[in-house]
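Student: can you look at this prediction? I've put the sequence above it.
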Amino acid sequence: MGRVAKSHGLRGEVVVTLTTTEVARVAVGSVLSAAGRELVVSASRPHQSRYIVKFEGVDSREEADRLRGAQLEAEALPSDPDDLWVHELVGAEVVEVSGTPRGMVEAVQANPAADLLVLDSGALVPLTFVVGWREPGRILVIDPPAGLFEL
């Protein structure tokens, strides 16, 4: 989830470069691990494009320096059962609620309004039309508006 870039100041703070978009990973109380050591975040704040983080029990610059370069790992965040993950979408067959097959998902394209499923037929389907799974990870069910697949 991140890497300790360097120590910061004299009181044991470190600069952390995040490799995740989940800034909750460095929230106060978060438990991280580095090289078999458990680290509890006692304070954090944004600093430029990184975070300054204070861990419980790391109270000096020398202790913070020992963490330099450490890869930080976190427990998985609780997930919502309705969450869709790109690795599950790619390769899934897409069918309408009526059962009409529409193709396979080749990619997921970022889009400001709603991410798009890129189908092997060339069609683009906004994720807002996804209503569920028939077989999780295999058959994705959509409810598109009339005309979406007409050329």
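Tutor: On my side now, so go ahead. Numbering: from 1, shown residues only.
Student: mind listing what's buried in the strand ranked longest in the chain?
Tutor: Longest strand of the chain, by residue count under DSSP state E: strand 37-47. Neighbour-count burial for strand 37-47, with 16 or more other Cβ atoms under 10 Å as criterion, is recorded at 39, 41-42, 44. Backbone N, C-alpha and C define where each C-beta goes, glycine included.
Student: same check, this time on stretch 5-21
Tutor: By neighbour count on 16+ other Cβ under 10 Å, the buried set for stretch 5-21 is 5, 7-8, 12-16, 18.
Student: distance of Met2 relative to Val41?
Tutor: Slight slip there: residue 2 is Gly, not Met. Noted for Gly2: a distance of 11 Å to Val41, by Cβ to Cβ, to the nearest Å.
Student: mutual contacts of the two, please.
Tutor: Val26 (Cβ atoms under 8 Å, 6 or more residues apart in numbering).
Student: which parts of this protein are helices?
Tutor: Using DSSP state H, the helices found in the chain span residues 61-65, 86-89.
Student: sort out which residues of the last one are buried, please.
Tutor: In terms of neighbour count (16+ other Cβ under 10 Å), helix 86-89 has its buried residues at Leu89.
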